[in-house]
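# Using only what follows, build the 3D model:
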Amino acid sequence: MSQAATLTVPNRILPTLVFSQFAGTSLWFAGNAVLPELQRSLQLQDQALGLLTSSVQLGFIVGTLCFAVLSLADRVSPRLLFLICALLGAGLNALVPLFAQSITGVLSLRAATGFLLAGIYPVGMKIAASWYSNRLGKAIGYLVGALVLGTAFPHFLRGLGTSLQWQSMLFAISLLAATGGVLLYLFVPDGPYLSKGTTFDVRNIIKVFGKKEFRAAAFGYFGHMWELYTFWAFVPFILVYVLPQLSAQQVSVYSFTVISTGALGCVLGGYFSQYVGSGRVAFIQLLFSGLCCLLSVVVFKFSSVYTLLPFLLFWGIVVAGDSPQLSALTAQTAPSHLVGTALTVVTSIGFAITIVSIQLTGFVLSLLPPYNTFILLAAGPALGLLSLKKLLKKTKPAL
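Predicted structure coming up:
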């Protein structure tokens, strides 16, 4: 019997990982949660959403690229890296109110926070891989579900109403992120399957693409990312466009609900992956999210509250549900000594794609009505499905 089959993982590991990932990634859309206040302070109009979102994405891309080139996640203790990035990210997020009069200051702080998120999201998956070698799809399902909840959490805070000052929202998010980093460092030691640190070699980020199975998983992830963050970023816009009668508080509550349902898709997909394999779960969810892109043409034009919300909730489930299985496939097909580097470089490229998608969608919205715009997101799932098709026969369940 293999070590993977006999190892008993302490019960505290997964819950601590999940909470810490949720807490750390709540920094992601913190700026979006206080968007109206920042718009007034910085005298920004419609471009504020794209600027704030893209600044974080850009920082994350630069961060993951630097981490990948230096192979940091494979050369130092990932739990220490997670702690440092969570504490620094929390500190930078808490500084935003001090720079609320400067667009350069706010965007710089958001970009720097994105840079540090490179030591939270992919590093958290590296830690999970060091503990759950045999059931990685299920473990990462919970972990990415936590990422989804963390992404949606600022909208939840916004939905609490105007009694909570926007500065207090940012401080609360910072405290949450710092707490998550400390808890992970204290209660999640390096896992038994943590590979020995690799040596520094800038060619590592090229070497990981040497296997065709890894390339198939990576391109599936790239197609998924073309759709995911653009959908998340524009959920409030879609709600306001189709249902203009909603109050600002209702928009925040519905936005949180739509985005957070992705956690359900992640967790359920993780369980199903144990029976049918990560490749099939990712393929099915990516297929359904692609169909949602196509159906948006009709739904956004003729919808009411009774049809739009169920549609967005379903889209929210499937648009995120394939993400953990794509990450699991990436980790499983990467060279064993470069798992951290592989996850980091693929994530970096994926988030570079999100900037193009978000900016292109914002530009097209200035030319076309919204109901004719979001069909462009279908290009991502189409590419992902073509890539994942090559892995279906080779993907085995963990049972």
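# Tell me how far residue 105 lies from residue 92.
Distance, residue 105 to residue 92, by Cβ to Cβ, to the nearest Å: 11 Å. Where C-beta positions appear, they are placed from N, C-alpha and C, glycine not excepted.
# These two - which one has more neighbours?
Of the pair residue 105 and residue 92, residue 92 is the one with more neighbours under other Cβ atoms under 10 Å, namely 21 against 15.
# For stretch 352-371, which residues meet the burial criterion?
Of all the residues in stretch 352-371, those buried under the rule 16 or more other Cβ atoms under 10 Å are 352-355, 357-359, 361-362, 365, 370-371.
# Now distance to residue 62 too, for the residues you listed, in JSON lines please.
As requested, the buried residues of stretch 352-371 are arranged in JSON lines below (distance: Cβ to Cβ, whole Å):
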{"residue": "352", "distance to residue 62": "10"}
{"residue": "353", "distance to residue 62": "15"}
{"residue": "354", "distance to residue 62": "14"}
{"residue": "355", "distance to residue 62": "11"}
{"residue": "357", "distance to residue 62": "18"}
{"residue": "358", "distance to residue 62": "16"}
{"residue": "359", "distance to residue 62": "17"}
{"residue": "361", "distance to residue 62": "22"}
{"residue": "362", "distance to residue 62": "21"}
{"residue": "365", "distance to residue 62": "27"}
{"residue": "370", "distance to residue 62": "31"}
{"residue": "371", "distance to residue 62": "35"}
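# want to throw the residues you listed into CSV with pLDDT and secondary structure?
Shown next, in CSV, are these (pLDDT from 0 to 100; DSSP: H, G, I helix; E, B strand; the rest coil):
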residue, pLDDT, secondary structure
352, 87, helix
353, 92, helix
354, 87, helix
355, 84, helix
357, 93, helix
358, 86, helix
359, 84, helix
361, 91, helix
362, 85, helix
365, 89, helix
370, 88, helix
371, 88, helix
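# and of the residues you listed, the nearest to residue 141?
Distance to residue 141 across the buried residues of stretch 352-371 (Cβ to Cβ) is lowest for residue 354, with 21.1 Å.
# Just the mean pLDDT for the longest helix anywhere in the chain, thanks.
Using DSSP state H to define each element, the chain has its longest helix at helix 212-242. Averaging the model's pLDDT scores along helix 212-242 yields 91.
# repeat for stretch 298-309
Per-residue scores along stretch 298-309 average to 87.
# Tell me the buried residues in that stretch?
299-300, 303, 308-309.
# do the same with stretch 102-121
103, 106-107, 109-121.
# Convert the C-alpha atoms of it to CSV, please.
Taking C-alpha atoms only, stretch 102-121 is exported to CSV below (Å, rounded to 0.1, in the frame of the first residue of the first chain):
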residue,chain,number,x,y,z
SER,A,102,-4.6,60.4,-5.2
ILE,A,103,-5.4,58.1,-8.1
THR,A,104,-1.7,57.3,-8.5
GLY,A,105,-1.5,56.4,-4.8
VAL,A,106,-4.6,54.2,-4.8
LEU,A,107,-3.8,52.4,-8.0
SER,A,108,-0.2,51.8,-6.8
LEU,A,109,-1.4,50.4,-3.5
ARG,A,110,-3.9,48.1,-5.3
ALA,A,111,-1.2,46.9,-7.7
ALA,A,112,1.2,46.2,-4.8
THR,A,113,-1.5,44.3,-3.1
GLY,A,114,-2.0,42.3,-6.2
PHE,A,115,1.8,41.6,-6.3
LEU,A,116,1.6,40.1,-2.8
LEU,A,117,-1.5,38.0,-3.6
ALA,A,118,1.0,36.0,-5.8
GLY,A,119,2.3,34.6,-2.5
ILE,A,120,-1.2,33.7,-1.3
TYR,A,121,-3.4,32.1,-4.0
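# tell me which element the residue nearest the centre of the chain falls in.
In the chain, the residue lying closest to the centroid (Cα atoms, centre = their mean) is residue 147, at 5.7 Å. Per DSSP states H and E, residue 147 falls inside helix 136-159.
# what does residue 191 give?
Assigned by DSSP H and E, residue 191 belongs to no helix or strand.
# By mean pLDDT, flag the weakest helix or strand of this protein.
helix 3-6 (a mean of 45; mean pLDDT, DSSP states H and E).
# What residues sit buried inside the helix or strand that that one is followed by?
Sequence-wise, the next helix or strand downstream of helix 3-6 (DSSP H and E) is helix 13-25. Within helix 13-25, the residues scored as buried using 16+ other Cβ under 10 Å are 13-14, 16-25.
# Same question for stretch 231-248.
231-239, 242-243, 246.
# do the same with stretch 62-70
62-65, 67-70.
# cool, and stretch 167-176?
Neighbour counts using 16+ other Cβ under 10 Å place 169-174, 176 of stretch 167-176 among the buried residues.
# Alpha carbons of that stretch, in CSV - could you do that?
The C-alpha coordinates for stretch 167-176 follow below in CSV (Å, rounded to 0.1, in the frame of the first residue of the first chain):
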residue,chain,number,x,y,z
GLN,A,167,-12.6,53.0,5.8
SER,A,168,-13.8,50.4,8.4
MET,A,169,-14.5,48.0,5.5
LEU,A,170,-10.9,48.1,4.3
PHE,A,171,-9.6,47.8,7.9
ALA,A,172,-11.8,44.8,8.5
ILE,A,173,-10.6,43.1,5.4
SER,A,174,-7.0,43.8,6.3
LEU,A,175,-7.4,42.3,9.8
LEU,A,176,-9.1,39.2,8.3
